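1. Here you go, sequence then predicted model.
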Amino acid sequence: MGKRLRPVPRAEAPAEVQEIYKEFFGDRDPVANPGTATGTPGDYWTTYALVPDILKMSRASLLAMLQPGRIVEPRFRELAILRAAIVGDSRFEYSQHLKVARMVGISEDKLAAIKGWITSDQFDAAERAVMAAADEMVGRNLIEDATFANLKRHFNDAQIMEIVYVVALWRMHGMIVRALHLEYDDDTTARMQEIPAPPAHS
């Protein structure tokens, strides 16, 4: 399937985009020769490059949340992102952040159970609080009072602000990737079409 928007080849990229291309693609033209070190097509970056300041802001905000030493432990961040990916139906985010989750020490048993976390005994109370909040934010655009009260049993206000921001940030990027058919989310909306009933027998 063709791309919905035209990606920006290296020859057309301004200097600030060239720097980001160098980081992710080395000296290759990422349009003529796509692919990243993690195996993704990389068209997230080349499409965002249509508006260079959006590309720069996007990269900066995502990388800032992934830096060590933040007030929320990486395991909580990654569980929140994975649930946002699952509920938001982003294969790209789910695939990428399974890898990040392993890097921050989340066990394979937990990763295998994350789709059915509600009935799983793999997660502690704080992890469950984060995933419940992520599910409600993405699925219903809110966090119920009882769910929020449970968050406050395990996290302070600043940590909750960061958790909410992480869920919202990755949900935004998941929506953009899905809407523009980028990376692993290049399917169509055809699956949402009605399937005709068989003709009535006379």
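-> Sure, I can see it. If you're wondering where the values come from, they're calculated on a predicted model, not measured in any experiment.
2. mind checking how far Arg102 is from Phe155?
-> Applying CB to CB, to the nearest Å, the value for Arg102 to Phe155 is 23 Å. Where you see a C-beta, it was placed from the backbone N, CA and C, and this is true even at glycine.
3. more crowded one of those two?
-> Per other CB atoms under 10 Å, whichever of Arg102 and Phe155 has more neighbours is Phe155, with 21 against 13.
4. Phi and psi next, for that one.
-> Main-chain torsions, Phe155, degrees, to the nearest 10: phi -140, psi 150.
5. Find the nearest non-adjacent residue to it, please.
-> Distances taken as CB to CB, 6 or more residues apart in numbering place Ile163 nearest to Phe155, at 6.8 Å, with adjacent residues excluded.
6. can you list the residues that contact whichever strand or helix holds the one you found?
-> Here Ile163, judged by DSSP states H and E, is contained in helix 157-179. The contact list for helix 157-179 (CB atoms under 8 Å, 6 or more residues apart in numbering) reads 44, 58, 61-62, 65, 70-72, 76-77, 80-81, 83-85, 88-90, 92-93, 97, 130, 133-134, 137-138, 143, 148, 151-152, 155, 182-183, 185.
7. ok now that helix, how far from the chain's centre?
-> Centroid separation between helix 157-179 and its chain, computed with CA atoms, centre = their mean, to the nearest Å, is 8 Å.
8. Buried ones in that helix, by neighbour count?
-> Neighbour-count burial for helix 157-179, counted by 16 or more other CB atoms under 10 Å, picks out 159-160, 162-164, 166-167, 169-171, 173-174, 176-178.
9. Mind picking the two most distant members of the residues you listed?
-> Among these, the pair separated by the greatest distance (CB to CB) is Gln159 and Arg178, at 28.5 Å.
10. coming back round to it: avg pLDDT for the helix holding Ile163?
-> Taken as a whole, helix 157-179 has a mean pLDDT of 97.
11. Then stretch 124-144?
-> 98.
12. Give the buried residues for it.
-> For stretch 124-144, a neighbour-count test (16+ other CB under 10 Å) marks 126-138, 143 as buried.
13. out of the residues you listed, who's nearest Thr119?
-> So of the buried residues of stretch 124-144, ranked by how close each gets to Thr119 (CB to CB), first place is Arg128, at 11.2 Å.
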